[in-house]
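[1] everything below, folded, please.
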Amino acid sequence: MIKDTDLAYAAGYFDGDGCFFIGRIHTEGRIRPRCNVIINSTHIENLHWFQKTFGGTVITKNHKNPKAKPVHRYVLKGEQLDYFTNIAPFLIEKIDEFMIFENFRSQDFFDERDDLIERMKILKNSENLIHYSIKDSVESVRNTIQPSICDWAYLAGFIDAECCLNIQRNFTKTRPNPIYKIQLQCNNTKSPCFFWLSRRFGGQLHFIDRSDTIPKQRNQMCWRVSSKALFPILENVLPFLKHKQPICEELIKFYKTTFNGKGNPSPNSPGFAEFYRPVLEERDVIFHKIKQLNKKGL
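    Got it, this is the predicted structure:
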């Protein structure tokens, strides 16, 4: 029997990268309803986990560009959808889509199904979009809920699908050594996930206005957690991460190199540079390792 934490992970991943598809197809002279769960990814191991857990098929799409990574598609349909619906209690962003999807599956009449197809289009394209006015509302609920173990599992799935884990490195004229910052970041065009994230994990929120860029491009919100605030998050999501677990392990290792002045030479003392050199070397190694892992798309 699959654990609740696996269902929560699947919900987090699906909220980030999944699609509830409903529509109609013409086959053998008849119009038939079509309802599938779909996930597209360049990382086939993620989709194999879904296939092993819920069934379904994984298809690799042919690319015209030989330099581009192959795109893999996970498809779940038919009776296997009955088991996948167990992720519903853990969905955040796509819970309304799920309700329409399930209603569509249970309908026997074309008119009702046509109405649901139209409702799904409106929901995906026009509702829960980011507006500047929600920023204050999202920030007002920051750190108001203590995360549960399933919350950590959901966040791990969401990170694997939607977020970036990395290290920022900056050089300044006033300091001899680079300044590093471990960071978790997510950009999204829908609002529900940000309320959920802010309540449980805090973080900083930044509104990104797209109205003056590409026509019809949606505004985004950026959620970011870094440095000391990120460390406990990394420790708690690590057991549930699958795809980005190697990066998380390196970030934890990196944070533990943070200089602690207690019992150590002062930064202003003559021997500090020699004392601190091995730390700088270790940090540089981890920084470049994470850079390479992110180039691979982890």
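[2] how many residues are close by the residue lying closest to residue 90 once chain neighbours are set aside?
    Once flanking residues are discounted, residue 90 sits nearest to residue 11: 3.6 Å by Cβ to Cβ, 6 or more residues apart in numbering. All C-beta spots, glycine's among them, are computed from the backbone N, C-alpha and C. Residue 11 has 27 neighbouring residues, counting by other Cβ atoms under 10 Å.
[3] is it true that residue 11 touches residue 92?
    Yes: using Cβ atoms under 8 Å, residue 11 is in contact with residue 92, at 7.4 Å.
[4] anything in contact with each of those two?
    Common contacts of residue 11 and residue 92 (Cβ atoms under 8 Å, 6 or more residues apart in numbering): residue 154.
[5] outline the domain layout of the protein.
    Recorded structural domains for the chain (assignment: automatic domain parsing) are 4-126, 134-295.
[6] so where's this structure uncertain?
    Residues of the chain that meet the criterion pLDDT under 70 lie in 28-29, 62-63, 213-215, 259-268, 271-272, 297-298.
[7] what's the biggest strand in it, counting residues?
    In the chain, assigned by DSSP state E, the strand with the most residues is strand 30-41.
[8] residue 244: what's it in contact with?
    Neighbour list for residue 244: 159, 160, 163, 165, 298 [criterion: Cβ under 8 Å, 6+ apart].
[9] cool, residue 168 as well?
    Applying Cβ under 8 Å, 6+ apart to residue 168 gives the contacts 180, 181, 183, 226.
[10] immediately after the helix or strand that contains the residue nearest to residue 90, which helix or strand?
    Element membership for residue 11 (DSSP states H and E) is helix 4-17. Tracing the chain C-terminally past helix 4-17 and defining elements by DSSP H and E, one meets strand 18-27 next.
[11] so which bits of that next one are buried?
    Within strand 18-27, the residues scored as buried using 16 or more other Cβ atoms under 10 Å are 18, 20, 21, 22.
[12] please report how far the nearest residue to the second one once chain neighbours are set aside lies from residue 38.
    Nearest in space to residue 20, with sequence neighbours left out and distances taken as Cβ to Cβ, 6+ apart, is residue 101 at 4.1 Å. Going from residue 101 to residue 38 by Cβ to Cβ, to the nearest Å gives 11 Å.
[13] repeat that for residue 47.
    Taking Cβ to Cβ, one finds residue 47 at 10 Å from residue 38.
[14] comparing the two, which residue is more hemmed in?
    Counting neighbours by other Cβ under 10 Å for residue 47 and for residue 38 shows that residue 47 has the greater number, 22 against 16.
[15] quick one: contacts for that one?
    The neighbours of residue 47, taking Cβ under 8 Å, 6+ apart as the test, are 39, 41, 58, 72, 73, 74.
[16] give me the residues contacting the host helix or strand of the fourth one.
    Counting by DSSP H and E, the secondary-structure element that holds residue 72 is strand 71-76. Among residues not part of strand 71-76, those counted as contacts by Cβ under 8 Å, 6+ apart are 36-44, 47, 50-51, 54-61, 63, 84.
[17] now it and strand 18-27, what's the angle there?
    80 degrees (axes from the mean of the first three to the mean of the last three Cα atoms, to 10 degrees).
[18] in the helix or strand harbouring residue 276, which residues are buried?
    With elements taken from DSSP H and E, the one containing residue 276 is helix 272-295. Under the neighbour-count criterion of 16+ other Cβ under 10 Å, helix 272-295 has 276, 283, 286, 287, 289, 290, 293 buried.
[19] any idea how far the fourth one is from residue 274?
    Distance of residue 287 to residue 274, computed by Cβ to Cβ: 21 Å.
[20] and residue 72, how many neighbours?
    Residue 72: 19 surrounding residues under other Cβ under 10 Å.
[21] chain center to stretch 162-171: distance?
    15 Å (Cα atoms, centre = their mean, to the nearest Å).
[22] residues contacting residue 258?
    Counting by Cβ under 8 Å, 6+ apart, residue 258 has no contacts.
[23] recalculate using a threshold of 10 Å.
    Contacts for residue 258 were tallied using Cβ atoms under 10 Å, 6 or more residues apart in numbering; they are 180, 182, 227, 228, 231, 279, 283.
[24] again, but for residue 203
    138-139, 142-143, 184-186, 194, 197, 222-226, 229-230, 233.
[25] please redo it, this time with the cut-off set to 7 Å
    The contact partners of residue 203, by Cβ atoms under 7 Å, 6 or more residues apart in numbering, come to 197, 223, 224, 225.
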